[in-house]
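Asker: with the input below, show me the fold.
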Amino acid sequence: MNLPQRVTIREVGARDGLQSEAPLSVDHRLELIDALLIAGVTHIEIAAFVSPRAVPAMAGAADVVAALGPLDGIVRAALVPNVRGAELALAAGIDELTVTISASPTYNQRNVQMSIDESVVAIEAICSLAGEVPVDAVISCSFGSPYEGDAPPTDVALLAERLRASGAAAITLADTTGMATPRRIDEVLAVTGTNVGLHLHETRGTGLLNLYAGLQVGVVRFDTSVGGLGGSPFAAGAAGNVATEEAVALCDDLGIHTGIGIDALIEAALLVERLVGHPLPSRVAHAGPRSRRA
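Answerer: Below is the predicted model:
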């Protein structure tokens with residue numbers, strides 16, 4: 001197998017993972033972030049600069065960024081829905097902005113109340129404002145929509161190119177509602193190329209399998225969430241992200257370097273399980289890894 005030697009994992013548990021949970025205090029969110037940093041996470045989405053009325057769990061985003069402060073060798077990312085959110089995130093000193101758009105017109109309208117064309121214009125404005133701060137454009141429903149079904153892979157590729165032309169430094173393809181399969185991963189990546197990130201969900205139990213499919217064709221950037229937390233509050237039935245510890249355990253067994261220690265990562269997963277007050281779906285967090293080869 002022609003697998004990569006190393007991959008970059010962007011940990012999204014403190015934002016995507018917690019956004020659908022009952023709100024945690026800023027101190028508890030910082031406790032989780034600290035545990036993830038101790039485990040060796042170097043790229044982490046720590047907040048969302050959104051309306052606290054719309055997403056109460058993300059209230060206090062600026063407080064999280066200020067308390068954490070800048071960290072050598074750590075990329076602190078934040079989700080922003082619009083120019084105002086980007087202004088607040090940049091003023092707080094964030095290292096990377098994440099923006100979202102959907103390959104599904106219906107999902108895009110429900111999520112951000114804009115057409116796809118309107119979202120492209122909004123993202124271009126955010127990229128212009130961001131200047132030297134990189135913007136990662138996440139294309140949700142890249143592998144299928146519960147509303148329109150499968151979009152042609154060429155549509156996803158064309159949208160990715162429009163976003164790059166608008167100033168996005170990186171593109172991430174998201175399986176927001178868990179409709180991807182290895183077949184769909186191959187079909188879409190064959191057109192978009194593999195210079196993209198993958199953001200995968202476990203709605204139908206295929207998330208880790210799809211991650212492996214991405215590894216096989218050369219993808220080296222993945223979004224994952226500690227404990228398997230997550231799920232869009234705007235997509236009925238959407239389950240959590242691929243668990244970070246499951247992705248790291250798989251990479252360890254394959255000899256792929258992540259820089260993240262599995263034992264400390266499992267401790268972080270069990271911590272967040274206590275913080276949210278209910279069991280999390282991660283199997284590795286409870287059973288442990290089969291291998292510590294790396």
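Asker: quick one: mean pLDDT over the helix or strand hosting A213.
Answerer: For A213, the host element (DSSP states H and E) is helix 207-217. Across helix 207-217, the average pLDDT comes to 97.
Asker: again with stretch 86-105
Answerer: Rounded mean pLDDT across stretch 86-105 is 97.
Asker: strands of the stretch 51-200 of the chain, start to end?
Answerer: Assignment of strands within the stretch 51-200 of the chain using DSSP state E, counting those that start in this stretch yields the ranges 75-79, 96-102, 135-140, 170-174, 197-199.
Asker: next, count neighbours for E21.
Answerer: If you count neighbours by other Cβ atoms under 10 Å, E21 ends up with 18. For glycine as for every other residue, the C-beta is placed from the backbone atoms N, C-alpha and C.
Asker: quick check: closest non-adjacent residue to it.
Answerer: Take E21 and drop its neighbours on the chain: the residue closest to it by Cβ to Cβ, 6 or more residues apart in numbering is V276, 5.0 Å away.
Asker: circling back: what would the strands of the stretch 51-200 of the chain look like in CSV with mean neighbour count?
Answerer: Output for those, formatted as CSV (neighbours: other Cβ atoms under 10 Å):
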stretch, mean neighbour count
strand 75-79, 24
strand 96-102, 25
strand 135-140, 25
strand 170-174, 23
strand 197-199, 26
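Asker: turn those strands into CSV, including distance to L90.
Answerer: Formatted as CSV, the strands of the stretch 51-200 of the chain follow (distance: least, Cβ to Cβ, whole Å):
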stretch, distance to L90
strand 75-79, 9
strand 96-102, 8
strand 135-140, 11
strand 170-174, 17
strand 197-199, 22
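Asker: which residues are in contact with D95?
Answerer: P70, I74, V75, R76, A77, V133 (Cβ atoms under 8 Å, 6 or more residues apart in numbering).
Asker: find me the pLDDT at the first one, would you?
Answerer: The predicted structure scores P70 at 96 on the pLDDT scale.
Asker: ok, L79 - contacts?
Answerer: R15, D16, E45, A47, A48, F49, V50, G85, L97, T98, V99, T100.
Asker: and what of A47?
Answerer: A14, R15, M58, A61, A62, V64, V65, A78, L79, A89, I94.
Asker: within the helices and strands, which one has the residue lying closest to the second one once chain neighbours are set aside?
Answerer: For R15, the nearest residue in space outside its immediate sequence neighbours is E45; the separation is 4.3 Å by Cβ to Cβ, 6+ apart. Using DSSP H and E, E45 maps to strand 43-48.
Asker: given that strand, what are its sheet partners and their directions?
Answerer: strand 8-11 (parallel), strand 75-79 (parallel) (DSSP bridges).
Asker: what is the mean pLDDT for the last one?
Answerer: If I follow you right, that is strand 75-79. For strand 75-79, the mean confidence score works out to 98.
Asker: again with the first one
Answerer: For strand 8-11, the mean per-residue pLDDT is 98.
Asker: just how off-centre is the helix or strand bottoming out on mean pLDDT in the chain within its chain?
Answerer: Counting by mean pLDDT, DSSP states H and E, the chain has its least confident helix or strand at helix 105-112, which shows a mean of 90. Here the centre of helix 105-112 is set off from its chain's centre by 18 Å, with Cα atoms, centre = their mean, to the nearest Å.
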